[in-house]
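> Starting from these lines, generate the structure:
(one chain, ligands or ions: 1)
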Amino acid sequence: MKNYGFGVDIGGTTCKMGLFKTDGTLVDKWEIPTRTENGGENILPDVAAAIDAKLSEKNIAKDDVQGVGVGVPGPVKSDGTVNECVNLGWGVFNVAKKLGSIVNLPVKVGNDANVAALGEMWMGAGKGRKNVVMVTLGTGVGGGIICDGKMIAGANGAGGEIGHMTVKDDETVSCNCGKKGCLEQYTSATGIVRLAKMKLEAKSEASGMRNFDPLTAKDIFDEAKKGDKLALELVEEVCEILGSAMASIACVADPEVFVIGGGVSKAGTIITETTKKYFVKKAFHACRDAEFVIATLGNDAGIYGCCQLILD
Ligand code: ZN
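Here you go, the predicted model:
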C-alpha cells in the first residue's frame with residue numbers, strides 16, 4: 001500500500017477533492033468548478049490538472065499515490081462505465097479508463113450515494129463495521145449498500161437506489177423517476193414538506209407548521225420537538241414508511257447499522273429513534289438489532305468513500 005490517495009466527488013456545480021493518507025487521514029480538501037459545457041469534456045482533464053498541481057504543491061511523488069477514487073451523480077458499473085450523468089452532460093463512457101489515461105494513476109469510480117456509504121463505513125458513523133446501509137435524506141433519497149466491506153453497484157450501476165423502492169401502490173403523483181409511490185416521495189426533504197402540506201390542508205386544527213412560508217423539513221422537525229401535534233403525527237408517518245422500507249432492505253442486506261445522512265438527518269435522534277421503533281415492528285427477527293445512527297462526515301463522506309474505493 002502506498003502512502004497517499006485522492007478522493008474526487010464530482011457534482012453538477014463543483015468537484016470536491018480530497019488528498020488522503022491511505023490510513024484515512026485527510027491531508028487537504030478543496031473544490032474546483034465542474035465545467036459541464038460541451039458534454040462535460042473538460043471535467044476529467046480539470047480533475048487531472050488539479051491532482052497534478054496538488055502533488056507538486058505538497059511535494060508528493062506520483063509513485064507514492066495508490067490511485068484516484070471518483071464519485072459521480074449517476075449509475076456506474078463496477079468497471080467504471082457511466083450511463084448518462086445528466087447533471088454533468090455525460091453520455092456513456094468508461095470514466096476510469098479515460099481519467100486513468102490522463103492522470104496516469106489507477107482510477108476507480110462509483111455512484112456518489114454509494115461512495116458516501118463507503119466513506120461513512122471507513123471513517124464515519126459506520127467505522128469498524130463491514131455491513132452498512134446508508135440512507136441519504138436530501139432533496140431526493142439516495143442510498144448505498146455495503147456488504148462485507150464492498151459497495152454493491154449491481155449489473156446496471158443502480159444498486160442502492162433505495163429512494164426508488166415502491167412503498168405505496170395507490171399514489172397518484174409521479175416521482176422524478178417517472179414511477180409512482182417511491183420512498184423518495186415521502187421521506188426526502190421535499191417529500192416530507194409535501195406530506196405536511198397535504199395534512200395541513202386536510203385538517204383544520206392549529207399547528208405551528210402553519211406559520212412558515214416556505215415550510216421546510218427542518219421547520220417540521222423543530223415543531224415536532226416542541227410537541228406540535230400535527231408535526232408529531234407527520235414525523236410518525238414519515239418514520240413508519242422509512243422504518244418499514246429499512247425492514248425490507250434488512251431482509252436483503254442484513255446490515256449491522258443503518259446510517260442516516262443528508263439535510264433531513266440534521267433533525268437528529270428524533271429520526272433514528274422513531275424510525276427504529278417502526279423498523280423493529282416490521283423486521284425479520286434475526287435482523288432486528290440493527291442500529292440506527294446519524295452520519296458524521298457530512299458533505300465530506302463522498303471524498304472519504306472515493307479514496308476508500310482505491311484501497312483494495
Ligand atoms: Zn422514483
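
> interface residues of the stretch 51-200 of the chain facing the ion?
Residues of the stretch 51-200 of the chain found near the ion (C-beta under 5 Å from the ion) are His164, Cys175, Cys177, Lys179, Cys182. Every residue, glycine included, has its C-beta placed from N, CA and C.

> wait, is the third one part of a helix?
Okay, so that is Cys177. No. Using DSSP: H, G, I helix; E, B strand; the rest coil, the secondary structure at Cys177 is coil, not a helix.

> Show me the contact partners of stretch 80-98.
Contacting residues not belonging to stretch 80-98 are listed as 10-12, 34, 36-40, 43-44, 70, 72-77, 79, 107-109, 156-157 [C-beta atoms under 8 Å, 6 or more residues apart in numbering].

> Now intersect those residues with the strands, please.
Per DSSP state E, strands hold the following members of these: Ile10, Val70, Val72, Val107, Lys108, Val109.

> tell me the two of those residues that are most distant?
Greatest spatial distance among the ones in strands among the contacts of stretch 80-98 (C-beta to C-beta): Ile10 and Lys108, at 13.4 Å.

> Which of those two has more residues huddled nearby?
Between Ile10 and Lys108, counted using other C-beta atoms under 10 Å, the more crowded position is Ile10 (29 against 25).

> how about the helices of the protein, start to end?
37-40, 43-57, 95-103, 112-123, 184-187, 189-202, 217-225, 229-253, 269-282, 301-309 (DSSP state H).

> For the ion, what is the nearest residue in the stretch 201-312 of the chain?
Among the residues of the stretch 201-312 of the chain, Ala245 lies closest to the ion, at 12.6 Å counting by C-beta to the ion.

> That residue touches Leu183, doesn't it?
Yes. When contacts are counted by C-beta atoms under 8 Å, Ala245 is listed as touching Leu183 (5.2 Å).

> residues bridging contact with those two, i.e. touching both?
Common neighbours of Ala245 and Leu183, using C-beta under 8 Å, 6+ apart, are Ile162, Met165, Val167.

> So which of these wins on neighbours?
Most crowded among those, counting by other C-beta under 10 Å, is Ile162 at 26 neighbours.

> closest one to Thr25 among the helices of the chain?
The closest of the helices of the chain to Thr25 is helix 112-123. By C-beta to C-beta, the value is 9.0 Å.

> Which secondary structure elements does that closest one sit against?
strand 4-10, strand 65-72, strand 132-137, strand 141-147, strand 150-151, strand 257-261, helix 301-309 (3 or more C-beta pairs under 8 Å, 6 or more residues apart in numbering; DSSP states H and E).

> Could you double-check that Arg210 lies in contact with Lys199?
No. Using C-beta under 8 Å, Arg210 makes no contact with Lys199, being 10.8 Å away.

> rewinding a little: export the shared contacts of Ala245 and Leu183 to JSON lines and append columns for pLDDT and distance to Gly261.
Formatted as JSON lines, these follow (pLDDT from 0 to 100; distance: C-beta to C-beta, whole Å):
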{"residue": "Ile162", "pLDDT": "95", "distance to Gly261": "13"}
{"residue": "Met165", "pLDDT": "96", "distance to Gly261": "17"}
{"residue": "Val167", "pLDDT": "97", "distance to Gly261": "19"}
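
> Return the closest of the residues you listed with respect to Thr272.
Using C-beta to C-beta, the shortest approach to Thr272 within those belongs to Ile162, at 16.5 Å.

> where's that closest one relative to Val141, distance?
From Ile162 across to Val141, the span is 7 Å (C-beta to C-beta, to the nearest Å).

> quick one: average confidence on stretch 170-181?
Averaging pLDDT along stretch 170-181 yields 95.

> centre of the chain versus that stretch, how much separation?
Relative to its parent chain, stretch 170-181 has a centroid offset of 21 Å by C-alpha atoms, centre = their mean, to the nearest Å.

> in that stretch, what counts as buried?
Residues of stretch 170-181 classed as buried: Cys175, Gly181 (neighbour count, 16 or more other C-beta atoms under 10 Å).

> got the end-to-end distance for that stretch?
7 Å (C-alpha to C-alpha, to the nearest Å).

> For that stretch, which outside residues touch it?
Contact with stretch 170-181 is made by Gly140, His164, Thr166, Val167, Lys168, Asp169, Cys182, Glu184, Gln185, as judged by C-beta under 8 Å, 6+ apart.

> Was I right to think the third one contacts Cys182?
Yes. The pair Thr166 and Cys182 passes the contact test of C-beta under 8 Å, sitting 6.4 Å apart.
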